[in-house]
Each structure stands twice: as C-alpha cells, then as structure tokens.
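Chemist: need a 3D model of the sequence below.
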Amino acid sequence: MRVIASLRAYPRVGFIVPRYKHSAVDRNRLKRRLRELVRVELLSALPPLDVVLRAAPHAYTKDFDTLRAEVRRLVQQLPALTLPAPRAP
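Modeler: Model prediction:
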C-alpha cells in the first residue's frame, strides 16, 4: 500500500492487480473483493488521502475474511504510511 496526503477534500483509492498467471476472471474477482472491502472497511476511516493498494500473488488464494483482516491491518498502519501532501502548482 502507498499513501499520500491529498489536496482534495475526499479520499481516493486505486488498485494494482497484476495477473500473476491467473485468468481475467480471477483477476476481476479479486478486484471486486478489494473494492468492496475498501468501501466497507477503509473509506469511512480515511481522511483526504490518495491510497494505492497493490495485490500480492497470494491474494488470489485468500478467502474474503482473510482479505478483510489484511485490509483492517492496513487501516491501522495508515498513520505510519502517510506522506505529506504535494505542493499545489
């Protein structure tokens, strides 16, 4: 996960889900799971930040509850991972 403070008044979350030799169906399923977890677990706790989540190869084999636990763990690490906001042009 990469995090940077945002100049916007709302949080933004992006995903990087490489194929890792999986099918498009597997990749899309993982993206849908991550989007739902971020919507339910992360967005309500986020200040105005830009967040990028990169899925690791083992994420394809995790069940939904295990992914939820990992997202919750990342939420607890947010203060330590946040970089200052970029300067406005």
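Chemist: three-state assignment of the spatially most central residue of the chain?
Modeler: In the chain, the residue lying closest to the centroid (C-alpha atoms, centre = their mean) is residue 53, at 3.5 Å. Secondary structure, DSSP: H, G, I helix; E, B strand; the rest coil: residue 53 is strand.
Chemist: show me the shaky parts of the chain.
Modeler: Low-confidence segments of the chain (pLDDT under 70): 81-83, 85-86, 88-89.
Chemist: try it again at 80.
Modeler: Scanning the chain for pLDDT under 80 picks out the ranges 1, 45, 78-89.
Chemist: what are the buried residues along the longest helix belonging to it?
Modeler: Counting by DSSP state H, the longest helix found in the chain is helix 64-81. Buried residues in helix 64-81, counting neighbours by 16 or more other C-beta atoms under 10 Å, are found at 67-68, 70-71, 74-75, 78. C-beta: built from backbone N, CA, C; applies to glycine.
Chemist: again, but for stretch 1-18
Modeler: For stretch 1-18, a neighbour-count test (16+ other C-beta under 10 Å) marks 3, 6, 11, 13, 17 as buried.
Chemist: all strands for the protein, in order.
Modeler: 2-5, 12-16, 49-54, 82-83 (DSSP state E).
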